[in-house]
Structure formats: structure tokens, C-alpha cells
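# Have a look at this fold, sequence not included:
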């Protein structure tokens, strides 16, 4: 692979960790999917191990020999070679080695999600197929989703923990238990087809939903929005909807939700990356193509009798999208949709979002009361948005001191730079000049 390696450039040496992190996030899942397509899904652990080893070698080699012209192809080739070394050492694979080597030699160096003939009732995209495999009914659903987010979407344990409002240690245990259960029960970690697909659809939709959410509001880092994650989730969900088994109203509702929210990407931050509230966003700049596609999928989602939480969230997004300005937003309809969502999913996070709608309809005092009456509010003790919302309510009531206390607590709990900047601005509005509550973040 030396012929594809660029000349070393000291200027990019310090970019290697950032690039490998980016590639791990965006390519690791694709590489794992490709390798399991070659070696079989029962060799998922092998695929994960060699992809991680390839990433580690990139960190060692690239700073001194330069970043390859095609980093993804370099990683895939390195991972393949590592996997082939393992295969050659395993007697049990001796009879398959010739076939595997031939397959690897014939494969292109660039990952291709759509390669290979598939039966009509199989999912054609590698990663989607693996998501269905992870969602085996013998594995608890939360463990299924955590395993897929870690293996196929490149989530870190702490990102998974934040998605489930749990701790990093609890997430690690969940992942360990999932792998142990697969091994102990001899679960055929195979790609399902035909009638085995429908029962696993809900888990796959939830994985795509969480993938989009992490991109829509990052749980850490300098940027509030990670648009590439959202676009990836939209693409996978759209491909999923093309399959007869998954072409269902709830799938289209999820796509509608994603597209309607994605339409606002360019207006959610200003030119300096600072977060903008919905009321401050330039609605003329919202992506009309995304809105049109979102409304089309929302229409497809309206068939049938069943209502999923994706239907309700898409309905809320549609209310925001269709309002010509913030002042005429139909908050009563939004509150009604939140009420129905609470009936389906009575989680404290949904209740917190409902409280915002309550405040819009009945005033900030009612919003505070809605927060204080939330069930299982203790689950959100470390959730910064609780305090950001309470601070906003107190600010609306003119209680600057109380607002500042909440904003300062929210500031201590968020790791996202743009949110920290936003909260610091809210503190200044309250007359709080106590300085930053967080350590300066290195941007090197």
C-alpha cells in the first residue's frame, strides 16, 4: 500500500488523531459489515478486532509516513490482511481459506454496502442486515441496541450511556452481557430472512433513531450538530423502507421525523457555531426539499390504524416546520401531541419536552409546575437540559437570580462547546459575570 501513501507532511501530523476518530466514527461500522460479509456474521468479534487494530496502526504509521490518499481503502486493506492472518492460523478455517482468499482478492478496495446478490426477501445493505442480526429476540432489546450502536455505528460507551440516560459502567456491563448471552446460548448470530425479519424491525428503527439523535444534538464535542450522522441515518432508513417487510407506516414516520428536523440544520447555529434557539432561526433558509420529502413520508405514515412515537414526533416537527414564524406556532396542537406521546412513552425526557409546550400555552409558571411534577425526575439529575429549561422559565418570569442558578448548573453538566457558549450568554443576560464554569477546551 505504499504506492497510495502521500508524502509526510508535518502540518497534518497533528490531524491524524482527529482523522482517525472521524474514520472510526464513520467507517468502522461499514468495515465491520464488509468483513462479516466475507467471514460470516458469527465472526463479528474478529471483524471488530481487526478494524480496531487497523485504526491503531493508522495512529502509529500515518504521523510518520503521511496520510494515505484514500484512508478508508488503507484501513480496509489493513483490516483484511490482519483478518487473513488470523484465518490462516485457524485450523477450523482451513477448508474455507481458499474460498475466502479468492473472495478477498476479487473484492474492490473500497467498501461497497450494496455488493453481492441477495434474495428478494433479504435486506440488501450490509449494515442494515447486521442491525437485524443484532436484534435477535434472545437478547434484551436495550442490549441489542447498545451492541449495534457500538459495533456498527461507532458510538463510544459514554455516548450510548447518554442515549439511555445511564452510566458508562452500566453500558459496559450491558455490552458484556449481550456478548455473553450470544456465546452461552449459542445464539445463531446469523442474518435473518423472511418471517424472522418483522419482529426485529422495531429494534432496527430505534437504532436508526438514536443514530440520528446523536447527530442532531451531539452529546459531546465542539459542534452541536453532526450532520453526517443524521444524513447516514436518513439514508439507511430510506433504504430500509424500500424493503417489503419494512415498508410500514412507522418506518415512514421515522423518515419524516428525520427529514423535517434535518431541514433546519443550517440555521441551528450561527456563523461561529453558536447555538440558535428556534425563535431566532431564519426560517427562509430551511431546506425546502427536505421539508417536501418529509411531508411525503408523513403522508405515507398516515395509512393504517397504529400510531407510533415516531408518528407523534414527526407531527410535532411538522407543526414547527409549517409555522411561518415562531409567534404563530400551533403550540396547542404540539401540546396535544406531547400528551399522546406521554401515553405511549411516559419517560422523564418526553415529560421535560412536554413542559416546554405547557409553558408556551399556559405560561412559564405552569411550565415550572410541569417540570416539578415529572415522574422519575431523579433520573435526570445529571441531565443539563432540565436546568436549562428551568432557567429559561425563571428568566421569562424575571427571576434572574433563580435563572442564573439553573443556567450555571446546566453549564457544569454539558460537554458540548456550543451549548456552553449559549449558556454563558444566558448567564450574562441574567447579570451573572462569575466566569466560565468549565475548563477551556483544547482545539488543537
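Alright, I've got the coordinates. A quick note: this is a predicted structure, and the numbers were derived from the prediction, not measured.
# Stretch 158-170: which residues count as buried?
Within stretch 158-170, the residues that qualify as buried are 159-163, 166, counting by 16 or more other Cβ atoms under 10 Å. Heads up, the C-betas are built off the backbone N, CA and C, glycines and all.
# Please apply the same query to stretch 374-394.
Under 16+ other Cβ under 10 Å, the buried positions of stretch 374-394 are 374, 380, 383-394.
# thinking again about what came up before, farthest-separated two in the buried residues of stretch 158-170?
Spatial extent of the buried residues of stretch 158-170 (Cβ to Cβ) is set by the pair 159 and 166 at 11.7 Å.
# Let's see the pLDDT reported for residue 401.
Reading off the confidence values, residue 401 has pLDDT 94.
# That one: what's it in contact with?
When contacts are counted by Cβ atoms under 8 Å, 6 or more residues apart in numbering, residue 401 touches residue 430.
# Centre of the chain to the host helix or strand of it, how far?
Mapping residue 401 onto the secondary structure by DSSP states H and E places it in helix 400-413. Taking Cα atoms, centre = their mean, to the nearest Å, one finds the center of helix 400-413 at 28 Å from the center of the full chain.
# Can you give me the buried ones in the next helix or strand after it?
The helix or strand immediately downstream of helix 400-413 is helix 417-429, counting by DSSP H and E. Taking 16+ other Cβ under 10 Å as the basis for neighbour counts, the residues of helix 417-429 that come out buried are 417-424, 426-427.
# which element is the residue sitting nearest the centre point of the chain on?
Here the mean C-alpha position of the chain is nearest to the C-alpha of residue 211 (Cα atoms, centre = their mean), at a distance of 2.0 Å. Element membership of residue 211, judged by DSSP H and E, is helix 201-216.
# sorry, back to before: and of the buried residues of stretch 158-170, the nearest to residue 221?
Distance to residue 221 across these (Cβ to Cβ) is lowest for residue 159, with 10.0 Å.
# how close does that closest one sit to residue 176?
As for residue 159, its distance to residue 176 is 17 Å (criterion: Cβ to Cβ, to the nearest Å).
# quick one, helices of the stretch 51-200 of the chain?
71-89, 94-106, 126-134, 141-151, 157-163, 168-184 (DSSP state H, counting those that start in this stretch).
# among these, which is the most enclosed?
Of these, the one with the most neighbours on average (mean count of other Cβ atoms under 10 Å) is helix 126-134, at a mean of 25.
# Could you list every helix and strand in contact with that helix?
The helices and strands touching helix 126-134, judged by 3 or more Cβ pairs under 8 Å, 6 or more residues apart in numbering; DSSP states H and E, are helix 16-39, helix 141-151, helix 201-216, helix 227-241.
# what does stretch 378-395 rub up against?
With Cβ under 8 Å, 6+ apart, stretch 378-395 has contacts from 165, 348-349, 352, 355-356, 359, 364-365, 367-368, 371, 374, 377, 400, 402-407, 409-414, 419, 423, 426, 429-430.
# hmm, 6 Å instead?
Contact with stretch 378-395 is made by 165, 348, 359, 364, 367-368, 402-403, 406-407, 409-410, 413-414, as judged by Cβ atoms under 6 Å, 6 or more residues apart in numbering.
# could you give the mean pLDDT of it?
Here the mean pLDDT over stretch 378-395 is 91, rounded to a whole number.
# ok so, going back, what about the residue lying closest to the residue nearest to the centre of the chain once chain neighbours are set aside, neighbour count?
The shortest distance from residue 211 to any non-neighbouring residue, by Cβ to Cβ, 6 or more residues apart in numbering, is to residue 233 (4.3 Å). The number of residues packed around residue 233, counting by other Cβ atoms under 10 Å, is 25.
# likewise residue 219?
Other residues near residue 219 number 18, with proximity taken as other Cβ under 10 Å.
# Which one of the buried residues of stretch 158-170 is nearest to residue 321?
Nearest to residue 321 among the buried residues of stretch 158-170, counting by Cβ to Cβ, is residue 163 at 24.7 Å.
# Was I right to think the closest one contacts residue 209?
No. Checked against Cβ atoms under 6 Å, the pair residue 163 and residue 209 is beyond contact range at 9.6 Å.
# Show the contacting residues for residue 265.
Taking Cβ under 6 Å, 6+ apart, one finds 225, 227 in contact with residue 265.
# pLDDT value on it, please?
Looking at residue 265, its pLDDT is 89.
# what's the answer for residue 285, then?
The model reports residue 285 with a pLDDT of 94.
# how far away is it from residue 312?
Distance, residue 285 to residue 312, using Cβ to Cβ: 27 Å.
# Which one of these two is surrounded by more residues?
Neighbour tally, residue 285 and residue 312, criterion other Cβ under 10 Å: the higher count belongs to residue 312, 23 against 12.
# can you confirm the more buried one is in a strand?
No. Under DSSP: H, G, I helix; E, B strand; the rest coil, residue 312 falls outside any strand and is assigned helix.
# Quick check, it in contact with residue 341.
Yes. The pair formed by residue 312 and residue 341 meets the contact definition of Cβ under 6 Å, at 4.4 Å.
# Reformat the helices of the stretch 51-200 of the chain as a markdown table; add mean pLDDT.
Supplementary listing: these in a markdown table, determined by pLDDT from 0 to 100:
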| stretch | mean pLDDT |
| --- | --- |
| helix 71-89 | 85 |
| helix 94-106 | 58 |
| helix 126-134 | 81 |
| helix 141-151 | 82 |
| helix 157-163 | 80 |
| helix 168-184 | 80 |
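# can you list the weak-confidence ranges in the stretch 301-444 of the chain?
Residues of the stretch 301-444 of the chain that meet the criterion pLDDT under 70 lie in 433-444.
# Also the stretch 151-300 of the chain?
188-191, 220.
# again, only this time at 80
For the stretch 151-300 of the chain, the stretches with pLDDT under 80 are 151-157, 162-165, 178-193, 218-224.
# Now do the contacts for the residue lying closest to residue 282 once chain neighbours are set aside.
Once its chain neighbours are removed from consideration, residue 282 has its nearest residue in residue 267; the separation is 5.1 Å (Cβ to Cβ, 6+ apart). For residue 267, the set of contacting residues under the criterion of Cβ under 6 Å, 6+ apart consists of 281-282, 285.
# for residue 311, same thing?
Residue 311 makes contacts with 253, 301, as judged by Cβ under 6 Å, 6+ apart.
# any idea how far it is from residue 170?
Using Cβ to Cβ, one obtains 30 Å as the distance from residue 311 to residue 170.
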